[in-house]
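Peer 1: pasting a predicted model and its sequence here:
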Amino acid sequence: MFNSKKAAPRVSVDKFSSLISDNLALNGDLEFEGGLKVSGKVRGNVRHKPGTASLLALSAGGCIEGNVSSHDALIDGSIVGDLVVEHLLELHSNARVRGNICYRQLSMENGALVEGTLTRLDDPAQRLELPSPAQNSEALAGEV
């Protein structure tokens, strides 16, 4: 009854429709839909096709130098550029991101490194207003 914890949201990795293997280096921008696994090096922007439920998986040896966008992302390699993830972002222990990150849900393991700002994308349906510090101090002063 009291020990029932909600399982953390996880992305299902069934299959990838596209692969950039570790022996491949790509120069230029690319757009994908479905699943993209990057184990090699990409110099250019990597973005998902808008309106698709895409998944980007960046392996530990993978590297992207450019801005990245995806619906879901599993990052275990390095990104030099900004990262925008519309749904769930998982930063694994080998993840290195030098740039700003926008996300809706975030899971970050020990060892992951971010050099930039983390910004949560707003979901107006789940917005929770917290009292400002001034309101809290006024309420506490009234109790004394």
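Peer 2: Yes, it's here. Here the structure is a predicted model, which is why all the values come from computation and not from measurement.

Peer 1: just want the most central residue of this protein.
Peer 2: residue 89 (2.9 Å; C-alpha atoms, centre = their mean).

Peer 1: please name the nearest non-neighbouring residue to that residue.
Peer 2: Among residues not flanking residue 89 along the chain, residue 103 sits closest, at 4.3 Å (C-beta to C-beta, 6 or more residues apart in numbering). Every C-beta, even on glycine, is put in place using the N, C-alpha and C of the backbone.

Peer 1: now for the nearest residue to residue 25 once chain neighbours are set aside: which residues touch it?
Peer 2: In space, and not counting its chain neighbours, residue 25 is closest to residue 41: 4.4 Å by C-beta to C-beta, 6+ apart. With contact set as C-beta atoms under 8 Å, 6 or more residues apart in numbering, residue 41 has these partners: 24, 25, 26, 62, 63, 64, 65.

Peer 1: nearest to residue 121, of these?
Peer 2: Ranked by distance to residue 121 (C-beta to C-beta), the contacts of residue 41 are led by residue 64 at 20.3 Å.

Peer 1: quickly list what the closest one is bridged to.
Peer 2: Per DSSP bridges, the residues bridged to residue 64 are residue 42, residue 79.

Peer 1: again, but for the one 5 residues further on
Peer 2: Beta bridges link residue 69 to residue 84 when assigned by DSSP bridges.

Peer 1: wait, isn't the residue nearest to residue 89 in contact with residue 117?
Peer 2: No - using C-beta atoms under 8 Å as the test, residue 103 is too far from residue 117 to be in contact (11.2 Å).

Peer 1: neighbour-wise, which of those two wins?
Peer 2: residue 103 (21 against 10; other C-beta atoms under 10 Å).

Peer 1: tell me what that one is bridged to.
Peer 2: Those that pair with residue 103 in a beta bridge, by DSSP bridges, are residue 120.

Peer 1: what of the one 5 residues further on?
Peer 2: Here residue 108 shows beta-bridge partners residue 91, assigned using DSSP bridges.

Peer 1: what number of residues lie near it?
Peer 2: The tally of other residues near residue 108 (other C-beta under 10 Å) stands at 17.
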